[in-house]
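>>> here's a sequence, model it:
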Amino acid sequence: MAQVSITAEARSDFGKGAARRTRRAGLVPAVIYGKGQEPQHVALPDHDLTLALRHPGLVLEVSLEGTTVLVAPRDVQRDPVKRTLEHVDLVVLNKAEAAERIEEGKAAEAAAEAAHAAEAEALKYATAADDLDTEAHLDNDAPAEGDEEPAEEA
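Below you'll find the predicted structure:
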């Protein structure tokens with residue numbers, strides 16, 4: 001997975017009510033922290049973030065007030081019923097860490113794709129074997145030549 005660019009908005013209000021207002025506006029509350037810097041409270045677009053979080057090895061390029069920071073998700077909190085994003089913790093990465101994480105993500109995606117292809121191949125052979133078994137079963141149930149049904153007595 002390559003880097004995904006996303007634009008963040010700074011948050012100044014905190015608490016349950018403020019977080020709910022942020023979510024109603026289509027944003028996800030988040031915190032960016034790490035490496036000797038003060039935590040930054042931001043709000044990220046819900047749809048873009050949800051799509052990005054589907055990929056392993058995700059590195060986000062967050063633009064905030066004219067600066068760009070490379071971050072990776074550390075903790076993602078979801079609603080237990082609706083599965084919507086509630087809050088995200090993002091940790092700051094340097095360029096080397098970001099490149100390493102991207103490579104790990106590509107390897108994980110390749111492994112998942114290979115596993116999916118192997119599973120599809122196994123399912124194809126299992127289906128073919130079931131079809132052959134069904135045909136053989138149907139052939140065994142058919143009366144053989146020369147076999148006659150017993151006549152009904154009146």
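>>> so where's the longest strand in this structure?
Within the chain, and with DSSP state E defining each element, the longest strand by residue count is strand 67-78.
>>> how many residues are close by residue 23?
By other CB atoms under 10 Å, the residues close to residue 23 number 18. The way it works is simple: take the backbone N, C-alpha and C, and place the C-beta from them, glycine included.
>>> I'd say it and residue 44 touch.
No - when contacts are counted by CB atoms under 8 Å, residue 23 is not listed as touching residue 44 (11.2 Å).
>>> what secondary structure does the most centrally placed residue in the chain sit in?
When the chain is reduced to its mean C-alpha position, the closest residue under CA atoms, centre = their mean turns out to be residue 54, at 3.1 Å. Assigned by DSSP: H, G, I helix; E, B strand; the rest coil, the conformation of residue 54 is coil.
>>> could you give the angle of the helix or strand that residue 117 is a member of to strand 67-78?
Secondary-structure assignment from DSSP states H and E places residue 117 in helix 95-141. An angle of 40 degrees separates the directions of helix 95-141 and strand 67-78 when computed by axes from the mean of the first three to the mean of the last three CA atoms, to 10 degrees.
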